[in-house]
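> Build the 3D model from these lines:
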Amino acid sequence: MAGESEIVVTFPGGKRVDAQVGRHVVRTDQPVQGGGEDSAPSPFALFAASMGTCAGIFVVGFCQKRGLSTEGIRIVERLHHGEDGALTGVDLDIEVPAAFPEKYREALVRVADQCSVKRAIQAQPAFQVRTVVTA
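Residues are numbered from 1 along each chain as shown. This is a model prediction of the structure:
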């Protein structure tokens, strides 16, 4: 996705924070122990889910191109954190049923590895945070 894209973030109340993404609203909240109502995933959980679902899109596309069923396939994602709480690693295990053709198993790993969310994180984009006064 070249160029700029804009997401507008709003605060509907409590610890809830929403993001307008095109014509979709992505809702987040904090867990009860974080002062929220746990009415939606936390922003970090949503971030983590974006990695797994992105890999999933690549897996689905691979299977659809080859006429392979996705029934019984799932991705189990595990996050690893350092002692300071920082994210230090992500495991994505693509679980396939025994009937899934062996010749495509490594190819699934290679295609999931092309996930654009993962690639964006690995590119370490620059963040610029500022206050902008509006009229």
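
> Phe62 falls within a helix, correct?
Yes - under DSSP: H, G, I helix; E, B strand; the rest coil, Phe62 sits within a helix.

> Quick check: it touching Glu106?
No - with contact defined as C-beta atoms under 8 Å, Phe62 does not reach Glu106; the gap is 11.6 Å. Bear in mind the C-beta positions are built from the backbone N, C-alpha and C, glycine included.

> Of those two, which one has the most company?
It is Phe62, of Phe62 and Glu106, that has more neighbours when counted by other C-beta atoms under 10 Å, with 18 against 9.

> Setting the sequence-adjacent residues aside, check what's closest to the more buried one.
Counting by C-beta to C-beta, 6 or more residues apart in numbering, Val111 is the residue found nearest to Phe62 once chain neighbours are left out, at 4.5 Å.

> Ramachandran angles for the one you found?
phi -70, psi -40 (degrees, to the nearest 10).

> Could you list the buried residues of the lowest-mean-pLDDT helix or strand in the chain?
Least confident element among the helices and strands of the chain, by mean pLDDT, DSSP states H and E: helix 116-122 (a mean of 93). Across helix 116-122, burial judged by 16 or more other C-beta atoms under 10 Å covers Val117, Lys118.

> how about the helices in this protein?
For the chain, applying DSSP state H gives helices covering 43-66, 105-112, 116-122.

> Could you dump the ones you listed into TSV with distance to Asp29 added?
Shown next, in TSV, are the helices of the chain (distance: least, C-beta to C-beta, whole Å):
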stretch	distance to Asp29
helix 43-66	9
helix 105-112	29
helix 116-122	22
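
> Return the most buried member of those.
Across those, averaging neighbours per residue (mean count of other C-beta atoms under 10 Å) puts helix 43-66 on top, at a mean of 16.

> Need the contact partners of stretch 20-30.
7-10, 14-19, 36-43, 46 (C-beta atoms under 8 Å, 6 or more residues apart in numbering).
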